[in-house]
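A.B. asks: okay, predicted coordinates and the sequence, questions at the end:
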Amino acid sequence: MATVLPETRATDKRPPGQAAPRQRRAPGLAVAVTPLVAMGFLLGIGYGVYHLPSTVLLILAAFVTGSLGLVLGFGWREMERGIVEAITKAMPAILVVLAIGMLIGSWLACGTIPMVIYYGLEVISPRFFLVTACLACSIVSMATGTSYGTVGTIGVAFIGIATGLGIPLGAAGGAIIAGAYFGDKMSPLSATTNLAPVAAGANLFDNIRHMMWSGGLAWLLGLLSYLVVGFGYGGNATETEAMRLVTDTLAHSFRFHWLLLLPIAIVFYFAVTKRPIVPSMIVSSLVAGVLAVVFQASSIAEVVSAMNTGYRAQTGVPQVDQLLSRGGIMSMMETQTVAFAAFSFGGIMQSTGLLAVLLARVQRFANRVWSLVSATIGAALLTAIVTGSSFLSIIIPAELFAPLYIKQGLAAKNLARIVEEAGAIMVPLIPWSIAGVYMATTMGVPTFTYLPWAIMNYASVLLLALYGVTGFTMARRIREDETEIGS
């Protein structure tokens, strides 16, 4: 009699000897919340109280999340792919940050930033500094479409001016960031401003006009606050003497010439002609290097060193040396390590489905206009906190809530406005995000120090919540294809 072999399952295509895949379990809400609790505890106590390095704390939070992933049946390779995908999406921003590090070092070496600081101290009144800084950064960011570039160039110069005028650096940093992000959001050249309407299914220019009701009004409220607070910044004898010491030191340490504005003009030209931002910064840095050799008698080795490790001022005046000694590609390495750690945490949250559980619970709340707006704001903020990414805080909530806005008869530009302002604009206020670390490192002002003064960033979110409750400015859907202008 023939021996009957057990029937092989048609669905089992594993090579001989390979273990069966692990059985996965769907995470519940309690499990999904655990990584956020762990991250909040680690950063709140470790970073907030004991000032431990945030990179290590974020890696520990990612380890907790990965351990939960293993318990749920996910393998390391799957979670690793999630991490790689998250970092890949952030690479354009990372390249910009590295280019800005080189740009700052070269602009300091050639005298561009010192010259702007010098004439800024000569012209700007302390009483109107905050308003001036916010307005100038708004204009530059709107013209260039980059908040990173604005803070890394003219923002650094304004921090120098604030130091000379005796303005609190927290207030100065907040005004700079508010202006830079307002201009970024209102610029058709901005990557996130283009991404939001694409993700939501709206029109770019409709979205920009619609944001004026929230972001524009919040920006005006910020300017009014800066104007009122600025009247308290006087010009006493001590401050005037300190300012004169800075200006005299700059005038003796650098040779100023109108050609030193050429690096700035190059960045503006590339922006206006819609050329890529990273090549424009590299070209501007190279031109600044030539100007440093010509006008400041710097050697090529000194210029290259400034681009790589940062400019090191040797004026003989400690406060001026501290002000100007910054920049360089290597100065941005801490930003990159924090970003990699944060994206590791976010990547595992996404690949294991833990983030999806949290967002799904938020989505269940959205059955009315007010609750839909509140849920969208909550989802955008949650994604920003978990991933630290401006792009993901736009894409994920937009994809999640787009069908609900159609169901409620609301225009897609409402969704585009919310995910951009509650997501991308709030990211620089999160200390472990790539934007938060970059802004704090570049300006030399801690995130929690400038956060209360970045009025436009959080006031716009409060206005969005108010509009959701009242229905004011919540535009109705009027056509099928909302990518057409006038939707």
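C.D. replies: That came through fine. Residues are numbered from 1 along each chain as shown.
A.B. asks: list the contacts of residue 175.
C.D. replies: Contacts for residue 175 (Cβ atoms under 8 Å, 6 or more residues apart in numbering) come out as 130, 131, 133, 134, 137, 222, 226, 453. Placement of C-beta: from N, CA and C, glycine included.
A.B. asks: residue 374: which of these is nearest?
C.D. replies: Distance to residue 374 across these (Cβ to Cβ) is lowest for residue 222, with 23.3 Å.
A.B. asks: quickly find the element holding the closest one.
C.D. replies: According to DSSP states H and E, residue 222 maps onto helix 217-230.
A.B. asks: please name every helix or strand in contact with the following helix or strand past that helix.
C.D. replies: Following helix 217-230 in sequence order, the next helix or strand is helix 237-253 (DSSP H and E). For helix 237-253, the elements it packs on are helix 112-123, helix 156-165, helix 318-324, judged by 3 or more Cβ pairs under 8 Å, 6 or more residues apart in numbering; DSSP states H and E.
A.B. asks: quick one: the lengthiest helix in the chain to chain centroid distance?
C.D. replies: Determined from DSSP state H, the single longest helix within the chain is helix 76-110. Relative to its chain's centre, helix 76-110 lies at 12 Å (Cα atoms, centre = their mean, to the nearest Å).
A.B. asks: make 54 the starting number, not 1.
C.D. replies: Okay, residue one is now 54; in that scheme the one you just asked about reads as helix 129-163.
A.B. asks: that one: which residues count as buried?
C.D. replies: Neighbour-count burial for helix 129-163 flags 132, 135-136, 139-140, 142-143, 146-147, 149-163 (criterion: 16 or more other Cβ atoms under 10 Å).
A.B. asks: report the mean per-residue pLDDT for that helix.
C.D. replies: The average pLDDT for helix 129-163 rounds to 87.
A.B. asks: would you mind getting the angle between it and helix 165-176?
C.D. replies: For helix 129-163 against helix 165-176, the angle by axes from the mean of the first three to the mean of the last three Cα atoms, to 10 degrees is 60 degrees.
A.B. asks: tell me the SS of residue 367?
C.D. replies: Classification of residue 367 by DSSP: H, G, I helix; E, B strand; the rest coil places it in coil.
A.B. asks: is it in contact with residue 374, as I believe?
C.D. replies: Yes: counting by Cβ atoms under 8 Å, residue 367 does reach residue 374; the two are 6.7 Å apart.
A.B. asks: so which of these two has more stuff around it?
C.D. replies: Higher neighbour count among residue 367 and residue 374: residue 374, with 15 against 10, using other Cβ atoms under 10 Å.
A.B. asks: ok, the residue nearest to that one when sequence neighbours are not counted - contacts?
C.D. replies: With sequence-adjacent residues excluded and distances taken as Cβ to Cβ, 6 or more residues apart in numbering, residue 374 is closest to residue 366, at 4.4 Å. Residues in contact with residue 366, defined by Cβ under 8 Å, 6+ apart, are 161, 306, 373, 374, 376, 377, 378.
A.B. asks: go on, residue 410?
C.D. replies: Contact analysis of residue 410 by Cβ under 8 Å, 6+ apart lists 79, 80, 81, 82, 84, 85.
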